[in-house]
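Engineer: what's the 3D shape of this:
(chains A and B)
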Amino acid sequence: MGRCRLGLMLSFVGSTTLYASPFTLPTETSPRSLHMRAPAWRVAAAAVTDSPEQESSSIFSRADADELELGPGELDRLPGRVQSLNALPPRQRLSENIVFRFNLGVGLDSGETSGAPLLSGERLSRSSFEKMRIYSFGDAAIGTHDLGFSGLNTYLAAHFQRNQNSPTKSSALPSVYDGNFQQPLIRSAYGEADRFFFHPLLRPIHVRAGRSFQYGLSAIHFDGVTVGYDTPALKISFYGGQRVNLYTFSASRLRDSGALSGTNIRVDLFEWRKWPLVLFANSLNFDDHSHFRTGVALRWNQDMLLSGSLRYLDGTIARSTFSLRARLSDVTTLNFAVHNRSQSDWSFGLLQFATPDNSTDSRRYLDLGPVLPKTTMSGRYGTVLLRNLDLLVHASGAFDRRDDETDAASSFNASYFEAGGGLEVHARRSLRLGIAVSARRYFLQEAGPISRVMDNADPLPRTLGATGVSSFLEGGMNFVYSPGAREFSASAEIYGRRYRYQSEYLDSDHQDWRSGGRFSIEGWTFDRFRIKSEYDVSFGDFSFAPELGGLKSLRILLEGSF
Amino acid sequence: MQRHRLSRIVLIALALASLVIAACRSKTNSLDFDSVVVDVLRFPHQRHTSIACIECHQLESVLKHRTPQSSRFRPGGQGHKSCSAAGCHASAFAGKPTELCGLCHETISQTNAEKSTLVPYPPIAGKRQLPLRFAHDTHLNFERMESRLGFHIGCTDCHLLPTSSKTTKMARPNHATCARCHAEEVQLDNAPTMSNCLRCHDESDAGRSRTRKLIQDDVHFSHAAHRIDRKGLPIACSSCHNRTLSATEDMAGNHAAPTITACVNCHNNRDRVPSAKRMARCESCHYTKSAGLSSLAPRSHMPTSEKPANHTRAFRRDHSSDAAATPNNCAQCHSMLSGNRRNTCDECHQVLRPRDHNITFREYDHGLESITSPDRCITCHQVDFCTACHQKRPRPHFPSIEFRRGGHALAASINMRACVTCHRPSRDCSGFGCHQGNGI
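Structural biologist: As a prediction, the model looks like this:
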């Protein structure tokens, strides 16, 4: 090894021959202190030849060597690094190509009976009521990235939940999974080919086929194909297929799955020419309706976006939106939005317009009445004070813009004002304490007196705009203990809510109190597995369910990430 | 009268004597910068572009890296030779100190040259003329360097580790450091040579600011103590200076100081750092401990992988743009995320429940929220999810005959809105002749 070093030094000297540089003043001598590192391959080759055990004696592994930067004075460690570099390709490991995550758990839902009768006057019977429900559930997701072929991505996500008890009995906590539909639910199952063209202009083209989601005009879940072109400045995608109905709202499931097609376009002139404009448009054709949205955004920089958009439904303006999104610092954000809904808008997403008359269509049980014009404004500001106090304040309001002459009032469209805030502090490094309050006031119509006739059923109210929740108040606290990352954490959350109801049938406002808590602990083991247990409990003065004294839920799950 | 005259003479004599003494004593003068017409804080390189750099910056100083404070090797040293040799500023050094002197000197002593203190040079912080353009990403790209030059360099090739335990900072690279590779005689392909000063020094008068914000105030740090961790495993420079590897020459302050996140990554890891040096011990890095509200540890000092600093309460509500821009970041912690960069919101939103979706929300309160902000619901749920439950008769409706007869009165009188979600009054309430309709 010593001879090797001597040879290396000689080679340094040889490489630093004196040179009459124009940089040199006539009276000065030329620089003599040049030391250039010898080519690594030469050092490595010499070292390996002279001392093959060098690498094994090194304290560095091959993986570490790539991360290290060592100076010329530590040349004896260099061979290990150089050899590691040579041995590196292929660099990607399998874990970088495959993502596999799952969770598997068991849950118990229970409703504690209070002993009081049902609203009907009857008491809960054991034959029809299931006090405790036991169920198992789980999710699994497998994704691949550049596995086999460069640019080929796949993703499969599925969920199941299975009741262990009889599904025919009613329970304290009904579940959507009581329905009779096939499980597991396949949420996503697609393959995506990306970067399959070599030409730079064609390289951003990608194709996705299978079950997936599309975002733009709304969240769209469908089986089909998406073809897209994706660059920072220009994003275009065309998609088409059949809507996915994981659950069902009609006796004939086929009716729920209509064909759909759509387009998303986004042109970001900021990314292209630093012009502060972003143009976007979305279209969707589904269920005999055509939806279209177009908008423009002013983008000062990466963190400031002021946008306005119009959404059309069958050629009529359904909604106009104005929003400001600003990230003022890493932890300070400001969001403000105004939504102006017209009576041409949908009622509740793409699938709910006017209430269907078909008695087999379960959407009739989600009848929010006719869509009425409404303007909603909301603002949120969040920051961290004193480098520790996480503060969020928010306010929102809605204004019922219906025409008093032509539109009947509806408390579903009532004006309201809401304000709230939350604060969280890291009291100790491992303990977080938070509080949150929120209050909302609905401006319902004045409730008029009901003219009752003895021994007759009460008449219906004159309007539905005077009945419903008139105010809502919520307060809560949470504690989180976490001594370290992905090690262990425990949290507790308690909350209380008060609802106040206005009704023409009551002389004074009625109010309900609800309170509850949620407690969870989780721990990590073997770096890849998480065991979590969560206990959720709820108490209250439930006017609508006097037969129950409270609700409880316990979920225990094991989660793995690979 | 004579006494008065005598005292007046004594006073005048004393004043004259003090003036003489003061005149003889005053050899060190503070410069009056108010009268200086040039920017005395910055040497006007733009006015000296006709002169070769090396006529002022002595090669011996440049290449052998004498200490910058040494007057001998500073430009203008050795009797102000570089300034007066060609007769340019010769007259300025012949008489009394002038404004020109203020460019280099803080104070001037005409009797003792050693007492003429120099302006610190070059400044570490603040704007600098002819600032360095250096691309860390180019120099630290191992593969590219190996393929083009046959060798690569590491951080400690230029930033020498402190040899003394008293010295905590890495040695700053200097011209001698660069010359080890960039001297003419090395003849590196495609590499600028030392004679081409402007290849590395930006001629524009932009004057980049070089600021280091991490180690300041009462924070102490030693590079020497950060060579290996608790188990003796090496600590790579890039584990803290993680932005340096991608720093281009266009980035101002391209050797950015590490973020506190880098510190927390290790100092919260019991395998790498002993308990006495964990983040919980403020004195590991701080000389002083504050009291009161300010003694609360900043969020940036918290365990990073538990929750990043920007995951505030506001972020929980408004994270869509961040998640869309960097889905890979989310996938580091959040389960079920594939890291794909297109349309992957569902991977989280279909699994993780919002914080307010507790048991009370599920059984009682979700209706009001869905009316108030339906847009929030349809982020995850489509109507068939709602109707999967809503199409079933609620538990209070049992037994249905009793409920129909009069059992529903209390619930309807309190909140009839809940009834009309499923029932149309004109059909279900007054249609059978039970209740008198009022046109609703």
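
Engineer: can you give me the end-to-end distance of stretch A:443-453?
Structural biologist: 29 Å (Cα to Cα, to the nearest Å).

Engineer: Could I get the buried residue list for that stretch?
Structural biologist: Within stretch A:443-453, the residues scored as buried using 16 or more other Cβ atoms under 10 Å in any protein chain shown are A:444-445, A:447, A:450. The way it works is simple: take the backbone N, C-alpha and C, and place the C-beta from them, glycine included.

Engineer: touching chain A at all, stretch B:216-228?
Structural biologist: No - residues of stretch B:216-228 are not located near chain A by Cβ under 8 Å from any Cβ of the partner chain, the shortest gap being 9.2 Å.

Engineer: hang on, residue B:185 in a helix?
Structural biologist: Yes - counting by DSSP: H, G, I helix; E, B strand; the rest coil, residue B:185 falls inside a helix.

Engineer: Relative to residue B:259, how far out is residue B:240?
Structural biologist: Residue B:240 sits at a distance of 9 Å from residue B:259 (criterion: Cβ to Cβ, to the nearest Å).

Engineer: hang on, the earlier thing: considering the buried residues of stretch A:443-453, which member attains the minimum pLDDT?
Structural biologist: Taken together, the buried residues of stretch A:443-453 show their lowest pLDDT at residue A:447, with 75.

Engineer: Please report how far it lies from residue B:169.
Structural biologist: With distances taken as Cβ to Cβ, residue A:447 is found 75 Å from residue B:169.

Engineer: what's the answer for residue B:104, then?
Structural biologist: Taking Cβ to Cβ, one finds residue B:104 at 26 Å from residue B:169.

Engineer: Pick out whichever of these two has more residues nearby.
Structural biologist: Neighbour count, other Cβ atoms under 10 Å in any protein chain shown: between residue B:104 and residue B:169, residue B:104 has more, with 21 against 12.

Engineer: What does the pLDDT read for that one?
Structural biologist: For residue B:104, pLDDT reads 80.

Engineer: got it, and residue B:359?
Structural biologist: 89.

Engineer: Quick one: residues contacting it.
Structural biologist: Contacts for residue B:359 (Cβ atoms under 8 Å, 6 or more residues apart in numbering or on different chains) come out as A:173, A:516, A:518, A:536-538, A:551-553.

Engineer: what's the answer for residue B:17, then?
Structural biologist: Residue B:17 neighbours (Cβ under 8 Å, 6+ apart): none.

Engineer: So it belongs to a helix, correct?
Structural biologist: Yes - counting by three-state DSSP, residue B:17 is found in a helix.

Engineer: and residue B:266, what element?
Structural biologist: Take DSSP states H and E as the rule and residue B:266 turns out to sit in helix B:260-267.

Engineer: next helix or strand past that helix?
Structural biologist: Following helix B:260-267 in sequence, per DSSP H and E, is helix B:313-317.

Engineer: I'd say residue A:320 and residue A:309 touch.
Structural biologist: Yes - assessed by Cβ atoms under 8 Å, residue A:320 is found in contact with residue A:309 at 7.2 Å.

Engineer: residue contacts, residue B:399?
Structural biologist: By Cβ under 8 Å, 6+ apart, the contact set of residue B:399 is A:120, A:122.

Engineer: Okay, it and residue A:123: tell me how far apart.
Structural biologist: 10 Å.

Engineer: Check residue A:191 too.
Structural biologist: Distance from residue A:191 to residue A:123, by Cβ to Cβ: 56 Å.

Engineer: Torsion angles phi and psi at residue B:99?
Structural biologist: With angles defined as degrees, to the nearest 10, residue B:99 sits at phi -60, psi -30.

Engineer: how far away is it from chain A?
Structural biologist: According to Cβ to the nearest Cβ, to the nearest Å, residue B:99 stands 29 Å off from chain A.

Engineer: for chain B, what helix or strand is lowest in average pLDDT?
Structural biologist: strand B:28-30 (a mean of 38; mean pLDDT, DSSP states H and E).

Engineer: quick revisit: could you dump the contacts of residue B:359 into TSV and include distance to residue B:199 and secondary structure?
Structural biologist: Listed next are the contacts of residue B:359 as TSV, based on distance: Cβ to Cβ, whole Å; DSSP: H, G, I helix; E, B strand; the rest coil:
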residue	distance to residue B:199	secondary structure
A:173	73	coil
A:516	69	strand
A:518	63	strand
A:536	66	strand
A:537	71	strand
A:538	71	strand
A:551	73	strand
A:552	73	strand
A:553	69	strand
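
Engineer: Let me know the closest of these to residue B:82.
Structural biologist: residue A:518 (75.7 Å; Cβ to Cβ).

Engineer: number of nearby residues for that closest one?
Structural biologist: 21.

Engineer: Could you do residue A:540 as well?
Structural biologist: The burial count for residue A:540: 22, using other Cβ under 10 Å.

Engineer: Quick check: beta-bridge partners of the closest residue to it other than its chain neighbours?
Structural biologist: Once flanking residues are discounted, residue A:540 sits nearest to residue A:514: 3.7 Å by Cβ to Cβ, 6 or more residues apart in numbering or on different chains. Note on residue A:514: beta-bridge partners residue A:497, residue A:540, judged by DSSP bridges.

Engineer: What segments of chain B are strands?
Structural biologist: Assigned by DSSP state E, the strands in chain B fall at B:28-30, B:107-109.

Engineer: Could you list the paired strands of the last one along with their orientation?
Structural biologist: Same thing as strand B:107-109. strand B:28-30 (antiparallel).

Engineer: Distance across stretch A:172-181, terminal residue to terminal residue?
Structural biologist: By Cα to Cα, the extent of stretch A:172-181 from end to end equals 21 Å.

Engineer: near chain B at all, that stretch?
Structural biologist: Yes - using Cβ under 8 Å from any Cβ, we find that stretch A:172-181 touches chain B at A:172-176, A:178-179.

Engineer: How much space separates residue A:111 from residue A:399?
Structural biologist: Using Cβ to Cβ, residue A:111 is found at 39 Å from residue A:399.

Engineer: where's residue A:507 relative to residue A:501, distance?
Structural biologist: From residue A:507 over to residue A:501 (counting by Cβ to Cβ), the distance is 13 Å.

Engineer: Compare residue A:111 and residue A:399 (neighbour count), which wins?
Structural biologist: Shown here are residue A:111 and residue A:399; by other Cβ under 10 Å, residue A:111 has more neighbours (27 against 16).

Engineer: Number of residues surrounding the residue nearest to that one when sequence neighbours are not counted?
Structural biologist: Leaving aside its sequence neighbours, residue A:111 sits nearest to residue A:172 (Cβ to Cβ, 6+ apart; 2.1 Å). Residue A:172: 25 surrounding residues under other Cβ under 10 Å.

Engineer: State the distance from residue A:172 to residue A:112.
Structural biologist: Counting by Cβ to Cβ, the gap between residue A:172 and residue A:112 amounts to 8 Å.

Engineer: which residues are common contacts for those two?
Structural biologist: Common neighbours of residue A:172 and residue A:112 (Cβ under 8 Å, 6+ apart) are A:548, A:551.

Engineer: In a markdown table, list the contacts of residue B:359 along with distance to residue B:354 and pLDDT.
Structural biologist: As requested, the contacts of residue B:359 are arranged in a markdown table below (distance: Cβ to Cβ, whole Å; pLDDT from 0 to 100):
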| residue | distance to residue B:354 | pLDDT |
| --- | --- | --- |
| A:173 | 18 | 82 |
| A:516 | 15 | 93 |
| A:518 | 13 | 95 |
| A:536 | 14 | 95 |
| A:537 | 19 | 94 |
| A:538 | 17 | 92 |
| A:551 | 18 | 90 |
| A:552 | 20 | 92 |
| A:553 | 16 | 93 |
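
Engineer: From those, keep the buried residues only.
Structural biologist: Using 16+ other Cβ under 10 Å, the buried ones in these are A:173, A:516, A:518, A:536-538, A:551-553.

Engineer: how does chain B divide into domains?
Structural biologist: Per automatic domain parsing, the structural domains of chain B span B:33-115, B:125-258, B:318-349, B:359-390, B:395-429.

Engineer: For residue A:549, what is the enclosing helix or strand?
Structural biologist: Element membership for residue A:549 (DSSP H and E) is strand A:548-561.
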